[in-house]
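1. For reference, the sequence and a predicted model appear below.
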2 protein chains.
Amino acid sequence: MELFWLKGYGSTSIADILSRSQVNSGSLYYFFPGKQDLLIAVLEAYRDGIGPMLLEPAWQGVDDPVERVFALLAGYRRALVETDCTYGCPIGSLALELHEPDAPVRALLAANFQGWIAGVEECLRAAASRFPPNADFHALAELALNVMEGGVMQARTFRDVAHFDRAVEQLRLHFDALMQPMVESK
Amino acid sequence: MELFWLKGYGSTSIADILSRSQVNSGSLYYFFPGKQDLLIAVLEAYRDGIGPMLLEPAWQGVDDPVERVFALLAGYRRALVETDCTYGCPIGSLALELHEPDAPVRALLAANFQGWIAGVEECLRAAASRFPPNADFHALAELALNVMEGGVMQARTFRDVAHFDRAVEQLRLHFDALMQPMVESK
DNA sequence: GTCTATAAAAGGATAGAC
DNA sequence: GTCTATCCTTTTATAGAC
């Protein structure tokens, strides 16, 4: 999991994994027939951890559902700062690294995105009364994901978290515009 | 260029390149000392082509500067549709595939993003009179890039262009909200 | 500048004893 | 289930003739 995150799938060799996990070749291949089976297991672990390992920790002490969305994004910001802007979303990185993923891999990448989006969408629906009646909560949750992935990509490429901050600020403005649909005309 | 786009950098072997280009090993290494030098040349070509190969064709026959932004995004949509949603932005894919790029590579990735953003920002500034006086055109152009990259990532992972369409629609709503800042109160 | 042949290393995966 | 040794392929890059 760590190696695929830090180096990517293709650049992580079996030898890397054996060394990092202090395991011998025979043992690894006893449980995982091939390298791709490791990837599948990793993606399943990420998928199963979206709630307990990602969303719930980010939402500790944050009750307002809309603020929970931004608390989640703040977690990515912290990861960027703590890694000197070398952090990458493991799912996003794998999604773009693997150009022709086998069906089960692609399905798991999609399941990971879907889980993230569903978590954010749930927040927004919990605040439905503050949004216009025709608000598209699914599209808004997808926008949050796109802003996060794009913001991380830019911040990492430019080695400057300000790119991520501007992305989040635009999302904030978008939400604010929806949540205050009526402005006094002058 | 084509192979790095279709297969990524790591998954493209020198043998692939020799075969595709009908060139022999000796000739290739005469001009390019190593594989990374090919990557650098490719990224330079993308950077130099942003105007003539990407923006200008997308803007043919589109005069309204704001619509030019969406015409550019429509080009990515077309690429997605024409490739059955296997298209990926070559720069975005490389930016996420390469986890620890050497300085010149990272600089060129950043230069490519910067060129794209600058082109969009110029459009928005050309329509400055329609935006509020405090509008952050740079942040808006970055948002457009993030929406594009995120939308392509989602559409490709889910093999469904609707994900891209929703992303663009949210950007449109964001722009509309800015460009019509005064709504009649009821 | 280009050709063929090949070096040298790293890659994923397997064999067979224990 | 785990160990070591190793097979076989692919990979990047080079050598040296032309």
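-> Structure's in. What do you need?

2. for the longest helix along chain A, packing partners?
-> With secondary structure taken from DSSP state H, chain A has its longest helix at helix A:103-126. Judged by 3 or more CB pairs under 8 Å, 6 or more residues apart in numbering or on different chains; DSSP states H and E, the packing partners of helix A:103-126 are helix A:35-49, helix A:65-82, helix A:90-97, helix A:137-158, helix B:137-158. Just so you know, the C-beta spots here come from the backbone N, C-alpha and C atoms, and that holds for glycine as well.

3. Quick one, which of those gets closest to B:L38.
-> Proximity to B:L38 (CB to CB) singles out helix A:90-97 among the helices and strands packed on helix A:103-126, at 18.4 Å.

4. Report the distance from the longest helix of chain A to the chain centre.
-> 9 Å (CA atoms, centre = their mean, to the nearest Å).

5. One more: stretch A:149-161?
-> Distance, centroid of stretch A:149-161 to centroid of chain: 14 Å (CA atoms, centre = their mean).

6. Could you confirm whether that stretch reaches chain B?
-> Yes - counting by CB under 8 Å from any CB of the partner chain, contacts between stretch A:149-161 and chain B involve A:E149, A:G150, A:G151, A:M153, A:Q154, A:R156, A:T157, A:F158, A:R159.

7. leaving aside the residues next to it on the chain, what's closest to the third one?
-> Spatial nearest neighbour of A:G151, excluding adjacent residues (CB to CB, 6 or more residues apart in numbering or on different chains): A:A167 at 3.3 Å.

8. What about the one you found, how many residues nearby?
-> 28 (other CB atoms under 10 Å in any protein chain shown).

9. What's the local residue count around whichever residue of chain A sits closest to DNA strand D?
-> Closest approach between chain A and DNA strand D, counting by CB to the nearest atom of the strand: A:G26, at 1.6 Å. A:G26: 7 surrounding residues under other CB under 10 Å.

10. Over to A:P57?
-> 12.

11. Tell me the buried residues in the one helix or strand it maps to?
-> Using DSSP states H and E, A:P57 sits in helix A:56-59. Within helix A:56-59, the residues scored as buried using 16 or more other CB atoms under 10 Å in any protein chain shown are A:A58, A:W59.

12. Enumerate residues external to it that contact any of its residues.
-> A:R68, A:A71, A:L72, A:A74, A:G75 (CB atoms under 8 Å, 6 or more residues apart in numbering or on different chains).

13. Report the contact partners of the spatially closest residue to A:F175 that is not a sequence neighbour.
-> Distances taken as CB to CB, 6+ apart put A:V66 closest to A:F175, at 6.6 Å, once the chain neighbours are dropped. Contact criterion CB under 8 Å, 6+ apart gives A:C123, A:L124, A:A127, A:R130, A:F175, A:M179 as the residues in contact with A:V66.

14. Let me know the closest of the residues you listed to A:S19.
-> Looking across the contacts of A:V66 and measuring by CB to CB, the closest to A:S19 is A:C123, at 40.8 Å.

15. From chain B, how far out is the spatially closest residue to the closest one that is not a sequence neighbour?
-> Closest residue to A:C123 apart from its sequence neighbours, by CB to CB, 6+ apart: A:P65 at 4.2 Å. To chain B, A:P65 is 19 Å away according to CB to the nearest CB, to the nearest Å.

16. Identify the residues contacting A:P65.
-> Here A:P65 is in contact with A:C123, A:L124, A:A126, A:A127 (CB under 8 Å, 6+ apart).

17. Export those residues as a markdown table, with columns for neighbour count, pLDDT and distance to B:I50.
-> Shown next, in a markdown table, are the contacts of A:P65 (neighbours: other CB atoms under 10 Å in any protein chain shown; pLDDT from 0 to 100; distance: CB to CB, whole Å):
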| residue | neighbour count | pLDDT | distance to B:I50 |
| --- | --- | --- | --- |
| A:C123 | 24 | 98 | 37 |
| A:L124 | 23 | 98 | 35 |
| A:A126 | 14 | 98 | 42 |
| A:A127 | 18 | 97 | 40 |
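
18. before we move on, back to that, so which of the contacts of helix A:56-59 reach DNA strand D?
-> Checking these against DNA strand D by CB under 7 Å from any atom of the strand, not one of them is in range.

19. Looking at those residues, which is nearest chain B?
-> A:L72 (15.2 Å; CB to the nearest CB).

20. I'd like to know how far the closest residue to that closest one other than its chain neighbours sits from DNA strand C.
-> Leaving aside its sequence neighbours, A:L72 sits nearest to A:A58 (CB to CB, 6+ apart; 4.6 Å). Using CB to the nearest atom of the strand, to the nearest Å, A:A58 is found at 33 Å from DNA strand C.
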